[in-house]
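Trainee: The sequence and its predicted three-dimensional model are supplied below.
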Amino acid sequence: MRVAFLTHEPFHPPSGGGSAEAPYLVREFVRRGHAVDLFCPAFPDSDAVARQFGVTVHPFTRWRMGRYARFRNLKYLLYPTALARLVRSTPARFDVLVAQHTISAVAAGRLRRELGIPAVLNFLDYLTGFMETWPAWVMPRPMVRRLTRFELSLPRRYDVEGILTVSRPLADRFITTGYPEERVRAIQYGYDASRFQPASEGLPPQSPVVVMHGSFDQHHLGQIALDTVSRIATARPEVGFRFVGRETPSLSRFVQRLRASVPGVRLELPGFIPYDAVAGQVRSATVGLVPYEESNGTHCAFVAKAVEYLGCGIPVASTPLEN
């Protein structure tokens, strides 16, 4: 088959979270003999990556995309229309559309309705569900409810041939909307077991280190995270805290509040590290932290960092989540 693979995040290098799944799926499509056309935001060395993966890349270049781009949320709203236009402008004829994530699912649904091409939507999380923990002045609660209902309606709205979900709780939420259960597969995508393994040698750090890695969006670092780190740092001043990931505005605000609460807190901020190197930061820590606030988004996520911590042989402290 000829597969049109649609995503709203640059394909390479993966920036963590759900974006890390795309190379594995594309590689498997190619291994099974399918031709893959990749529609995604422009990324460096795309010609070399295309040759490496054996795919055709159709880069989106109208504006910069990515989880760290400015005005990200506004761009996400505009992207489905622009992405669908990019696919329509391609002379190739496709056998199936595969949409990676909710934002691209909107584009795939519209293309399915217009062109009659079968579509499969891959939901890497319950994207709008994370907004439930945002401040009300940023995202009013009536708007959140409308967005979460809209996201769950996408498979039925466009009558797509199938959906994949990252977790069973997310699959169940789609089924409750009336979408046929036999068209749903919970794939439980989690982590790369070949990379996240216990250390083969070396000693644990002399002082304990609590580690958290991720994209550090607004829903990652809330009051639970602040209270947790503050209480531990106050009771155990020798404990260090390592936050592995790009220093986003959310992380900067968190660090500022934390230092105001506990001036002597020991922090390590190594910044963005490629996905295949994150395991080294985890292995040298003592405990992995998953301090998510409760929301539909966090309950439906497959919390890969928890599995990655355990894969590296360190224990995990987490808030209770459905999955």
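Mentor: All right, it came through fine.
Trainee: so Met139 makes contact with Phe130?
Mentor: No - look at Met139 against Phe130 with C-beta atoms under 8 Å: they stay out of range, at 9.8 Å. Any C-beta I mention is one placed from the backbone N, CA and C, and that applies to glycine too.
Trainee: In terms of neighbours, single out the busier of these two.
Mentor: Phe130 (24 against 18; other C-beta atoms under 10 Å).
Trainee: Run a quick neighbour tally on Asp276.
Mentor: 13.
Trainee: Also Ala92?
Mentor: Count around Ala92 with other C-beta under 10 Å applied: 11.
Trainee: now the strands for the chain?
Mentor: Assigned by DSSP state E, the strands in the chain fall at 2-7, 35-41, 56-60, 96-100, 119-123, 162-165, 184-186, 209-213, 240-244, 266-271, 287-290, 316-318.
Trainee: Partner strands of the second one, with direction?
Mentor: Paired with strand 35-41 in the same sheet, following DSSP bridges, are strand 2-7 (parallel), strand 56-60 (parallel).
Trainee: which residue packs closest to Thr165, ignoring adjacent ones?
Mentor: Spatial nearest neighbour of Thr165, excluding adjacent residues (C-beta to C-beta, 6 or more residues apart in numbering): Ala171 at 4.3 Å.
Trainee: Now do the contacts for the nearest residue to Ala20 once chain neighbours are set aside.
Mentor: Nearest non-adjacent residue to Ala20, counting by C-beta to C-beta, 6+ apart: Pro14, 4.0 Å away. If you count contacts by C-beta atoms under 8 Å, 6 or more residues apart in numbering, Pro14 has them with Ala20, Glu21, Ala22, Pro23, Tyr275.
Trainee: circling back: and of the strands paired with strand 35-41, who's closest to Thr176?
Mentor: strand 2-7 (25.9 Å; C-beta to C-beta).
Trainee: That closest one relative to strand 96-100, how many degrees between them?
Mentor: Relative orientation of strand 2-7 versus strand 96-100 (axes from the mean of the first three to the mean of the last three C-alpha atoms, to 10 degrees): 20 degrees.
Trainee: picking up where we left off before, out of the contacts of Pro14, the closest to Arg185 would be?
Mentor: Glu21 (14.1 Å).
Trainee: That closest one and Leu124 touch, don't they?
Mentor: Yes - proximity of Glu21 to Leu124 meets the contact threshold set by C-beta under 8 Å, at 6.5 Å.
Trainee: Between these two, which contacts overlap?
Mentor: Taking C-beta under 8 Å, 6+ apart as the contact rule, the neighbours common to Glu21 and Leu124 are Gln100, Tyr189.
Trainee: Right, I'll call it a day here.
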